[in-house]
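Chemist: Here is the input, now give the coordinates:
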Amino acid sequence: MIEQLKPACDLEADGGIDPETAPLTVAAGANVLVAGTSIFGDSQGIAAAMKRLQTAANTAVNQAEN
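Modeler: Numbers count the residues shown, from 1 in each chain. Just a heads-up that it's a prediction; the model follows:
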């Protein structure tokens with residue numbers, strides 16, 4: 001629907017985003033991910049959580065491009 005009506009539109013997913021769900025969400029078309037608990041509640045700290053989430057999301061992007 002986005003491609004037909006407004007291709008420049010962002011698709012945001014908010015809630016339940018973590019390293020396991022991020023690749024699935026990106027593969028489904030989301031390009032904006034909102035993560036709260038998985039970032040701020042991580043026992044290894046915010047920076048480590050962000051790195052894991054970015055790696056997971058980038059993996060999905062790279063797979064889609066290939």
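Chemist: For residue 48, give me its contacts.
Modeler: Residues near residue 48 by CB atoms under 8 Å, 6 or more residues apart in numbering: residue 42. C-beta coordinates here come from the backbone N, C-alpha and C atoms, glycine included.
Chemist: Let's verify it: helix, strand, or coil?
Modeler: helix (DSSP: H, G, I helix; E, B strand; the rest coil).
Chemist: following the lowest-mean-pLDDT helix or strand in the chain, which helix or strand comes up?
Modeler: Lowest by mean pLDDT, DSSP states H and E among the helices and strands of the chain is helix 2-5, with a mean of 86. Next along the chain after helix 2-5, taking DSSP states H and E as the criterion, comes strand 12-14.
Chemist: residues in contact with the spatially closest residue to residue 46 that is not a sequence neighbour?
Modeler: Leaving out its chain neighbours, the residue that sits closest to residue 46 by CB to CB, 6 or more residues apart in numbering is residue 39, at 5.8 Å. Residues in contact with residue 39, defined by CB under 8 Å, 6+ apart, are 46, 49-50, 53.
Chemist: can you check residue 49 too?
Modeler: 38-40, 42.
Chemist: Report the beta-bridge partner residues of the closest residue to residue 15 other than its chain neighbours.
Modeler: Excluding its sequence neighbours, the residue lying closest to residue 15 (CB to CB, 6+ apart) is residue 34, at 7.2 Å. Residue 34 has these beta-bridge partners by DSSP bridges: residue 14.
Chemist: Test my guess that residue 34 contacts residue 21.
Modeler: No. Counting by CB atoms under 8 Å, residue 34 stays clear of residue 21, with 11.7 Å between them.
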